[in-house]
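Participant: heads up, no residue letters with this:
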């Protein structure tokens, strides 16, 4: 049973309560913002909870065991913090959300009802709707290392051992066609050098945003970069970007492209399905005692 602050419990026992809901969103960047259904702004835990922001939540559907709680947060785009541009750009993807019951007359009397992450966010016609995933959804995700052929390090991190800055190039966007960017300044790089790499914006309103590269094609007039998805935010010609070389996580690439086999984090010599399917047979010098 969830413990309740004694002062809040005493307030509940009076039968006449002054309660409201507060929601705190913490983005991946660490930025925190708060909203409340009370008619005045509240402050606690270092966060100001904005009033009259049109932020509400559906009833929480919970069950015993590891099933995932079902909840949606929705509201009007009436707050500067919840602008359509920010929702469109993906700023709120996988943000942490806390749902509090608070005594608005004394905010020290409060109870954390739920904590989870934002899932799919949809918006339109001046309103938005966001799926809230309970903490149980983390149980569906892989943790720790996997026994696999490919390397499981992120290119440029401590386990990789290479400095990504040594494999970075600067370029300028010359055109945009859906998920395809035309770049100039990459004539020195061969086909596929940046395939599976990352593209970072270094200028204008998109500075700091990062996109994953699906494929890099070199040509005499410039380079074409295919992205994994059409960007949610507007990209304009003339923006400056930096590109980090791509890695397909294979040992041969680690040797030939990066000379970094000593830090390879995969298991390239693990037995495959053909080895598992082998069966024992009578000794025979022609098949080394094994028969498929």
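Facilitator: Here it is on my side, so go on. Quick caveat, the model's predicted, so the values are computed rather than measured.
Participant: tell me the helices in the stretch 1-150 of the chain, going along the chain?
Facilitator: 6-13, 84-89 (DSSP state H, counting those that start in this stretch).
Participant: May I see those organised as CSV, with mean pLDDT, distance to residue 192 and mean neighbour count added?
Facilitator: (Glycine included, C-beta is placed from N, CA and C.) Below are the helices of the stretch 1-150 of the chain laid out as CSV (pLDDT from 0 to 100; distance: least, CB to CB, whole Å; neighbours: other CB atoms under 10 Å):
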stretch, mean pLDDT, distance to residue 192, mean neighbour count
helix 6-13, 92, 60, 13
helix 84-89, 70, 28, 15
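Participant: who wins for proximity to residue 24 among the ones you listed?
Facilitator: Nearest of the helices of the stretch 1-150 of the chain to residue 24, taken as CB to CB: helix 84-89 at 16.3 Å.
Participant: one step back: out of the helices of the stretch 1-150 of the chain, which gets nearest to residue 161?
Facilitator: Here helix 84-89 is closest among the helices of the stretch 1-150 of the chain (CB to CB), at 32.7 Å.
Participant: Same list, the helices of the stretch 1-150 of the chain, but as CSV with distance to residue 29 please.
Facilitator: Shown next, in CSV, are these (distance: least, CB to CB, whole Å):
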stretch, distance to residue 29
helix 6-13, 32
helix 84-89, 11
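Participant: Show me which positions of stretch 202-209 end up buried.
Facilitator: By neighbour count with 16 or more other CB atoms under 10 Å, stretch 202-209 contains the buried residues 206, 209.
Participant: Stretch 221-235: which residues count as buried?
Facilitator: Those would be 222, 223, 224, 225, 227, 231, 235, for stretch 221-235 by 16+ other CB under 10 Å.
Participant: Sort those by pLDDT and name the bottom one.
Facilitator: Comparing pLDDT over the buried residues of stretch 221-235, residue 231 scores lowest. The value there is 81.
Participant: Which helix or strand contains the nearest residue to it once chain neighbours are set aside?
Facilitator: Of all residues not flanking residue 231 in the chain, residue 211 sits nearest, at 6.3 Å (CB to CB, 6 or more residues apart in numbering). Using DSSP states H and E, residue 211 falls within strand 210-219.
Participant: Run me through the strand neighbours of that strand, direction for each.
Facilitator: strand 198-201 (antiparallel), strand 222-227 (antiparallel) (DSSP bridges).
Participant: Contacts only, for residue 154.
Facilitator: residue 160 (CB atoms under 8 Å, 6 or more residues apart in numbering).
Participant: Surely it is in a strand?
Facilitator: No - counting by DSSP: H, G, I helix; E, B strand; the rest coil, residue 154 falls outside a strand, being coil.
Participant: separation between it and residue 34?
Facilitator: 32 Å (CB to CB, to the nearest Å).
Participant: Which other helices and strands does the biggest strand by length in the chain contact?
Facilitator: As assigned by DSSP state E, the longest strand anywhere in the chain is strand 110-124. Contacts defined by 3 or more CB pairs under 8 Å, 6 or more residues apart in numbering; DSSP states H and E place strand 110-124 against strand 70-76, helix 84-89, strand 96-103, strand 127-134.
Participant: Can you tell me which of those has the worst average pLDDT?
Facilitator: What stands lowest among these, in mean pLDDT terms, is strand 70-76, with a mean of 57.
Participant: coming back round to it: need the strands paired with strand 210-219 in a markdown table (columns: distance to residue 98).
Facilitator: As requested, the strands paired with strand 210-219 are arranged in a markdown table below (distance: least, CB to CB, whole Å):
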| stretch | distance to residue 98 |
| --- | --- |
| strand 198-201 | 30 |
| strand 222-227 | 33 |
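Participant: Figure out which of those strands is closest to residue 265.
Facilitator: Proximity to residue 265 (CB to CB) singles out strand 198-201 among the strands paired with strand 210-219, at 18.4 Å.
Participant: Please list the residues outside stretch 237-249 that contact it.
Facilitator: So stretch 237-249 is contacted by 150-152, 155-156, 164, 167-176, 183, 186, 192-204, 206, 213, 216, 225, 253-254, 257-258, 266 (CB under 8 Å, 6+ apart).
Participant: rerun that using 6 Å as the cut-off
Facilitator: The contact list for stretch 237-249 (CB atoms under 6 Å, 6 or more residues apart in numbering) reads 150-151, 155, 164, 167-175, 193-204.
Participant: Also stretch 21-33?
Facilitator: 34-37, 47, 49, 55, 81, 91, 95-100, 102.
Participant: Recalculate using a threshold of 8 Å.
Facilitator: By CB under 8 Å, 6+ apart, stretch 21-33 touches 34-38, 42, 44-47, 49-50, 55, 57, 73, 81, 91-102, 110, 118.
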